[in-house]
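> Can you look at this prediction? I've put the sequence above it.
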Amino acid sequence: MGLLSDPSLSTHNKLVDNLAKHMRKLCYAFYTAGVVWFMCLALPEFNHGTYLSENALSPGLVYPEIRIDANRLAVQMLEELQRERKDHQATTPHAWILAKLNEFGLETHTHNYTLRYPFGGGKEFHGKNIYGILRAPRIGSTEGIVFSAPYRPPNSVHVDITPSVPVLLAFAEFARRKNYWAKDLIFLVTEQEQLGMQAWLEAYHDGDKEGDNSNSYLLAGNLPARAGSLQAALNIEVQDLEIDYIDVKIEGLNGKLPNLDMFNLVQRIMAREGVTSGYKQTPRKKRRSNFSTYEQNLRQMLAMLSTQSSGVPNGNHGLFHRYRIDALTISAAKRVTNSNVKSNPSSAAVPLLKAIEGIARSLNNLLERFHQSFFFYVIVHNDRYISIGDYMPALVALIACSFLKAYLTWSTLDVIERRPQQDGDVAEGYLGPAMQSMKLSLPYGVVLLYLALALFIGYVGNVLPLQKYFMELPLGAGPLTGSILVALNLIGLVLPFVVVLPAGGLELLHISLLLIYGCALIVIGLLNFSLGFFVAVLSVPMVVALNTGKMNRTLRGLTRLWTLLLNPLVVIYTIILIMSFYQFPELTFQQLLLRAASAAMDAVTFALIDSVIYGNWLYFAICTVFLPLWIICWTLALAKRSDNKISQTKLKAN
Amino acid sequence: MLYKCLLLLLAIIQISGAEHETSVLPEAYVDAAQRSTHTNNWAVLVDASRFWFNYRHVANVLSIYRSVKRLGIPDSQIILMIADDMACNARNPRPGQVYNNANQHINVYGDDVEVDYRGYEVTVENFVRLLTGRTQNGTARSKKLLSDAGSNVLIYLTGHGGDGFLKFQDSEEITSQELADGIQQMWEKKRYNELFFMVDTCQAASLYEKFTSPNVLAVASSLVGEDSLSHHVDPSIGVYMIDRYTYYALEFLEKVQPFSKRTIGEFLQVCPKRVCISTVGVRKDLYRRDPHKVPITDFFGAIRPTRVSTDRINVTLANEEDFVNEVAHVQPKKQFKIIIEPQFTAKILK
């Protein structure tokens, strides 16, 4: 008989047994350690100062050559554009932008795209992007840098950023006259927020691919001209030519970030030009806060993580990350009229233009894509960061709980099972084989089926709203998706009452839940740390508290309540409720509840649309990972195990 | 008391130093040793690094090239290796030009620059083959170091170095041992009379540490563990223009004229730590002459003593007997004892 399968060798270890007795304490210790570690990261001893690792960038070695005439051009073009906007209330003045780019002597093209909106019977939207390519004068067009500005028509609900286009054009006009570009520069004006950018990027990278795209919702079309592999991109959002400060936005699709070098580069050059700039920069008044540095750092960290966790980019730059192009948005905020700060309007935008030139020249120096610095980091302060090696232990400590619990539960499974048995069986020698058979006789098949069922419910939530017959219903996308999700959640809620698992099934389900949960969170945490971390912080204590064995009545009740509260839909609703409470403080409680409900419906719809158009996997993760896990948790939380029931089954088994 | 101690110390130093003093040597030997014996000059100038942000290394090497050419070494005896083409880099706002100063006085990439090894030809293999004379068949004459036992060779290296190596092309390195072996082979193959080895890289002194071949004088821009720094930036081009050590070396060389009395000894002191920031390392133990008596043009120029004669000279083919007779009638030289200075001065510390 093999050593490993020898039944006379006890698989029990004293240490394991002792640990198992204190399992819950141990798990909570790990949990606390993880959270404390995360809190510590805000301390200056735990994070590091930023630095530039890429030599090629050589930021700030050149004197900016852009002069006041570029500013004059920007002011003049802004006036022209404002006149154009009067005739284009809901559209983009394409002709004007096209004419300007042509006037500067750039290779100008138009890109058309179509969105086939999947819901409400189907509608088609058309859009148009305009871009001009400045070919590198002395080198082949093998690499390119993108400078983009989103255009918003006057009827847009978002903040007015009309001056972005004149600033971009003024820079294009300046760049045209220089001979030192080693990469093609693309000046791109997009419309319809992120949709235009997504369509342009898709067309740039996949446009010439032959294939049937009848299934896709966004028909990106093809581009008439390209400029080689894109190395980096800078998105410019300017609210006014008179700038108060610059907010650097970095969070991209699915929580991806541009290389830290790129952020540092922007910070370095902005500082050189004397522009106040920073990550999540706020107006000067707000900046004068009385928080301690630690508190500020922690707030900054949490702010970054919460922006990242939704996976929705907070600017057009975020879509570039998908194609491994480092990009960020510099968002210039309007200066609120202040009597003592009076700047000369004829030179107001010069520092910004100089900064853009400096960034462009540094990017132009790149020899290969950004690769030297971090891609995974958390910004604590404008010049401090936490690297992945420092923040990952926090998440690992949280998730370790579930694996630890799984192992201890598995290795003490026999002990629990044995106890009722010991009364009947006196013969000690008989214990060994009995122990082994216990693990073998667990209802693996049934549990697997149950897991598959839970997964199926989640999967249905992912696919069902996208079926043809549903989409053709004359129903808004919000109510449709909302009702499907609510229905699925109700099924999940009822499922444990309908399905009764055979003996030992609950224990096995528990262990498999712990393992799946741990694996899923680690994977999600690696892809998007913020999402993984927040989910872990909320759910790990619940998962640790779950117990199939004997439990205090009140404790069981609490666990059930907690599990119920952690239902994905409930969590989404709660988050939106809190957000709308802060946004609309004037509403009564009832109105607030209603508004949050409709907002939650919209949120899930947007998440679904994001997933089909942009490739955001948040919706997928919630439906296919979190919902099934929750159903299993709910099953375990409801489980009531009376000892005599078990012993009855045991007797039958014997 | 302190004064006495100092005196005592001085006395000890004098006593211990006395045995190595050149005055022990017969004057005839000292004179003979100090006289230059070379018949021709060669220069091997290498820039081993590529990429636009290493513009300064190209400026370094081209500046030295300009100096040695001005002082008389012909292009046929200069091997210039440049790993990247800065002049025609797309990022260069002044196409076809390379400057070594932000004033942009001199375009060191003028009309008469002959680059012998360029771009990806600059490899460790090619460099070692060049030094040792083991070039592959069919190598152009301009790519060979055709020096002989009478050649004074200047080797100038610049690029990115580390402790014991110099990086070539961002892909390979030459180690100090390989370099020392190459120079030893040169000596054995009688490819040089004297060799002046000059390096401007980080931790440059590590490159000459392994040398064992005689008649080598080496100078390095920084000691092991030190970085060599650049001198200044040209903000209109956006790169560092030149390295500190080379900058000050050039400042010195610019004042040197073909018949100047400046010596190598002076040249070794061009960059004190105050201006260089790194410490310049010098290795003299393999070199038998006193650097302060060696004119700088022995390495940086091609000046040989010439005598202008207005007398009529009868040039006839010499007969063999004349040589035989001449050898027979040479008077035996006076015997003298030679004391070689120890390589390592550890004895003082004992």
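Right, received. Where do you want to start?
> What's the per-residue pLDDT of the spatially closest residue to residue A:224 that is not a sequence neighbour here?
The shortest distance from residue A:224 to any non-neighbouring residue, by C-beta to C-beta, 6 or more residues apart in numbering or on different chains, is to residue A:109 (4.7 Å). All C-beta spots, glycine's among them, are computed from the backbone N, C-alpha and C. We have a pLDDT of 93 for residue A:109.
> how distant is the helix or strand containing residue A:202 from the center of its chain?
Using DSSP states H and E, residue A:202 falls within helix A:193-206. The chain centroid and the centroid of helix A:193-206 are separated by 19 Å under C-alpha atoms, centre = their mean, to the nearest Å.
> Note down every partner strand of the following helix or strand past it and its orientation.
Helices and strands here follow DSSP H and E; after helix A:193-206, the next one along the chain is strand A:218-219. Strand A:218-219 has its sheet partners listed here by DSSP bridges as strand A:107-117 (antiparallel).
> Show me the helices in the stretch 1-150 of chain B, by range?
B:2-18, B:27-34, B:55-70, B:124-132 (DSSP state H, counting those that start in this stretch).
> between those helices, which gets the lowest average pLDDT?
helix B:2-18 (a mean of 54).
> residues in contact with the residue of the stretch 501-650 of chain A at minimum distance from chain B?
Among the residues of the stretch 501-650 of chain A, residue A:526 lies closest to chain B, at 31.7 Å counting by C-beta to the nearest C-beta. For residue A:526, the contacting residues are residue A:532, by C-beta atoms under 8 Å, 6 or more residues apart in numbering or on different chains.
> which element is the most centrally placed residue in chain B on?
What sits nearest the mean C-alpha location of chain B, by C-alpha atoms, centre = their mean, is residue B:196, with 2.9 Å. Using DSSP H and E, residue B:196 falls within strand B:194-200.
> Same question for residue A:127.
Residue A:127 belongs to strand A:123-134, assigned by DSSP H and E.
> Which strands or helices does the strand holding residue B:196 pack on?
Judged by 3 or more C-beta pairs under 8 Å, 6 or more residues apart in numbering or on different chains; DSSP states H and E, strand B:194-200 is in contact with strand B:151-158, helix B:176-188, strand B:216-220, helix B:244-254, helix B:297-300.
> ok, it: who's next to it in the sheet?
Paired strands of strand B:194-200, with direction, are strand B:151-158 (parallel), strand B:216-220 (parallel) (DSSP bridges).
> Outside of stretch A:477-493 itself, list whatever touches it.
With C-beta under 8 Å, 6+ apart as the criterion, stretch A:477-493 contacts A:118-120, A:454, A:457-458, A:460-461, A:464-465, A:470-471, A:473, A:567-569, A:598, A:600-602, A:604-605, A:608-609, A:623, A:627, A:630-631, A:634.
> List the residues that contact residue A:592.
If you count contacts by C-beta under 8 Å, 6+ apart, residue A:592 has them with A:577, A:580, A:581, A:584.
> Show the model's pLDDT score for it.
86.
> and it, which of the three is it?
Assigned by DSSP: H, G, I helix; E, B strand; the rest coil, the conformation of residue A:592 is helix.
> any idea how far it is from residue A:583?
For residue A:592, the distance to residue A:583 (C-beta to C-beta, to the nearest Å) stands at 10 Å.
> Paired strands for the strand holding residue A:127, with orientation please.
Short version: by DSSP bridges, strand A:123-134 pairs with strand A:107-117 (antiparallel), strand A:184-190 (antiparallel).
> Flag every buried residue along the shortest one.
Of the residues in strand A:184-190, those buried under the neighbour-count criterion (16 or more other C-beta atoms under 10 Å in any protein chain shown) are A:184, A:185, A:186, A:187, A:188, A:189, A:190.
> ditto for stretch A:34-41
In stretch A:34-41, counting by 16+ other C-beta under 10 Å, buried: A:34, A:35, A:37, A:38, A:41.
> and which of those residues is nearest to chain B?
Chain B lies nearest to residue A:41 out of the buried residues of stretch A:34-41, by C-beta to the nearest C-beta, at 32.5 Å.
> Chain neighbours aside, what residue packs nearest to the closest one?
residue A:386 (5.1 Å).
> strands paired with whichever helix or strand that neighbour is part of, and their directions?
Using DSSP H and E, residue A:386 falls within strand A:384-387. Sheet partners assigned to strand A:384-387 using DSSP bridges are listed as strand A:48-49 (antiparallel), strand A:377-381 (antiparallel).
> Touching that strand from outside, list them.
Contacts for strand A:384-387 (C-beta under 8 Å, 6+ apart): A:41, A:44, A:46-50, A:260, A:297, A:301, A:374, A:376-380.
> where's it relative to the chain centroid, distance-wise?
19 Å.
> worst average pLDDT in the strands paired with strand A:123-134?
Of all the strands paired with strand A:123-134, strand A:107-117 carries the lowest average pLDDT, namely a mean of 89.
> Distance from that strand to the middle of the chain?
Centroid separation for strand A:107-117 versus its chain: 27 Å, with C-alpha atoms, centre = their mean.
> quick one: pLDDT of residue A:374?
91.
> check contacts around the closest residue to it other than its chain neighbours.
Distance criterion C-beta to C-beta, 6+ apart; nearest residue to residue A:374, sequence neighbours excluded, is residue A:260 at 4.4 Å. By C-beta under 8 Å, 6+ apart, the residues touching residue A:260 are A:50, A:373, A:374, A:375, A:377, A:385.
> switch to 6 Å and redo it
A:373, A:374, A:377 (C-beta atoms under 6 Å, 6 or more residues apart in numbering or on different chains).
> which secondary structure element contains the second one?
In this case it means residue A:374. Taking DSSP H and E as the definition, one finds residue A:374 inside no helix or strand.
> I'd like the distance between it and residue A:503.
Separation of residue A:374 from residue A:503 (C-beta to C-beta) stands at 51 Å.
> what stretches of the chain score poorly on pLDDT?
Unless you meant another one, I'm taking chain A. Residues of chain A that meet the criterion pLDDT under 70 lie in A:1-12, A:120-122, A:210-215, A:285-291, A:337-345, A:414-440, A:468-475, A:549-551, A:640-654.
> You answered for a different chain; I wanted chain B.
Using pLDDT under 70, the flagged stretches of chain B are B:1-34, B:303-306, B:340-350.
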